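J.: need coordinates for the below:
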Amino acid sequence: MALWRAYQRALAAHPWKVQVLTAAHPRRCPDNTCVPCIGSLMGLGDIISQQLVERRGLQEHQRGRTLTMMSLGCGFVGPVVGGWYKVLDRFIPGTTKVDALKKMMLDQGAFAPCFLGCFLPLVGALNGLSAKDNWAKLQRDYPDALITNYYLWPAVQLANFYLVPLHYRLAVVQCVAVIWNSYLSWKAHRL
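T.: Okay, the predicted model is just below:
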């Protein structure tokens with residue numbers, strides 16, 4: 001709690017500096033997603049995946065893989081997620097319990113399956129997999145990735161849409177996204 005209060009005080013006193021340091025854009029992005037920040041988080045997730053999960057060490061770290069994940073964050077994840085949140089907020093305006101539940105259900109029932117179904121083969125294609133190998137990898141990895149998504153994101157999104165004040169939502173999602181991006185990188189690059 002002391003850390004959270006210190007974060008709140010720092011955010012109130014120095015919003016620009018704190019947002020830059022927490023990987024948020026220095027001015028609020030209209031759709032609450034900042035494409036450069038998403039790219040940085042995807043890269044950080046890959047670094048964590050390679051160093052802590054796969055235990056590659058610095059000598060064996062695949063820098064190209066990290067750059068690929070950062071590029072995907074900037075060129076695919078950021079724009080797609082940002083567009084989705086715009087559509088979701090137009091389709092279901094409001095922040096009541098019912099609105100938050102509706103948003104979470106639509107997010108997890110429609111968006112998440114489609115997003116993962118696009119993300120995993122995109123990584124495979126960027127890694128040079130043939131169409132046949134990419135299809136086999138998608139069939140193998142997609143069900144597990146989607147189930148893992150359902151362990152994590154519904155509760156996060158429900159809290160995010162209902163409990164978290166708008167100016168803290170980005171920080172909450174960023175913290176969770178680092179963990180999720182580490183998992184996605186590991187899953188997407190596992191052969």
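J.: C-alpha from now on. contacts and neighbour counts both.
T.: OK.
J.: so which residues of the chain form helices?
T.: Applying DSSP state H to the chain gives helices spanning 2-13, 15-21, 35-48, 63-72, 78-91, 97-106, 112-126, 131-162, 166-189.
J.: out of those helices, which one sits most buried?
T.: Across the helices of the chain, averaging neighbours per residue (mean count of other Cα atoms under 10 Å) puts helix 35-48 on top, at a mean of 24.
J.: so in the chain, where's the weakest helix or strand by average pLDDT?
T.: helix 15-21 (a mean of 53; mean pLDDT, DSSP states H and E).
J.: low-confidence ranges in the chain?
T.: 1-4, 7, 11, 15-37, 166-171, 174, 191 (pLDDT under 70).
J.: how about 50 then?
T.: Within the chain, the segments meeting pLDDT under 50 span 20-28, 30-32.
J.: how about A131: what's its closest non-neighbour residue?
T.: Excluding the flanking residues, the one nearest A131 by Cα to Cα, 6 or more residues apart in numbering is A125, at 7.7 Å.
J.: state the distance from that neighbour to F119.
T.: A125 sits 10 Å away from F119, going by Cα to Cα, to the nearest Å.
J.: burial count for P93?
T.: Residues within reach of P93, counting by other Cα atoms under 10 Å, total 12.
J.: show me the contacts for it.
T.: Counting by Cα atoms under 8 Å, 6 or more residues apart in numbering, P93 makes contact with D99.
J.: so how far is G82 from it?
T.: Taking Cα to Cα, one finds P93 at 16 Å from G82.
J.: over to G94: give its phi and psi.
T.: Backbone torsions for G94, taken as degrees, to the nearest 10, come to phi 110, psi 170.
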